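structure for this input, please:
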Amino acid sequence: SELEQRFRHVEFKCGQDDNGRKLRMKMKYFYDYLKTQKDDSPLYLFESSFHDAGRIHTLMDDFKVPDFFPADLFNLVGRDRKPPYRWFCIGPERSG
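So this is what the prediction gives:
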């Protein structure tokens, strides 16, 4: 897929360990996993920190805010208190 080729060597978050550290997986390994997995609760990629995620940041160029969301109401709480508001999620059936 185009997504796989474009982000083949980029690491995405796929979980966290017991100490709260992010676990990351390269897109190419995730696609290999997708082809063979039969897990009851399969892995999925989830990214919400685009500002510090290196090449993942370019995903934002592929999307725009729909017209029916003209104002970002999260701006009312201020930049320091604004929660994560953009997500990239990809996974197979049963992943959530």
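
can you tell me the closest non-neighbouring residue to Lys26?
Distances taken as CB to CB, 6 or more residues apart in numbering put Glu11 closest to Lys26, at 5.4 Å, once the chain neighbours are dropped. C-beta coordinates here come from the backbone N, C-alpha and C atoms, glycine included.

so how far is Asp80 from the one you found?
27 Å (CB to CB, to the nearest Å).

can you give me the strands for the protein?
Using DSSP state E, the strands of the chain run over residues 11-16, 22-26, 45-47, 88-90.

sheet-wise, list the partners of the last one with their directions.
What that stands for is strand 88-90. strand 45-47 (antiparallel) (DSSP bridges).

which residues does the strand it pairs with contact?
With contact meaning CB atoms under 8 Å, 6 or more residues apart in numbering, strand 45-47 is reached by 12-14, 25, 27, 30, 53, 56, 59, 87-91.

so in this structure, which helix runs the longest?
When the chain is scanned for its longest helix (criterion: DSSP state H), the result is helix 27-36.

quick test: name the residue nearest the centre of the chain.
In the chain, the residue lying closest to the centroid (CA atoms, centre = their mean) is Glu47, at 2.6 Å.

ok, now how distant is that residue from Cys89?
Going from Glu47 to Cys89 by CB to CB gives 8 Å.

please apply the same query to Gly20.
Distance from Gly20 to Cys89, by CB to CB: 20 Å.

so the two - more neighbours on which side?
Cys89 (12 against 6; other CB atoms under 10 Å).

run a quick neighbour tally on the nearest residue in space to that one that is not next to it in sequence.
Counting by CB to CB, 6+ apart, Phe46 is the residue found nearest to Cys89 once chain neighbours are left out, at 5.1 Å. When neighbours are counted by other CB under 10 Å, Phe46 registers 17.
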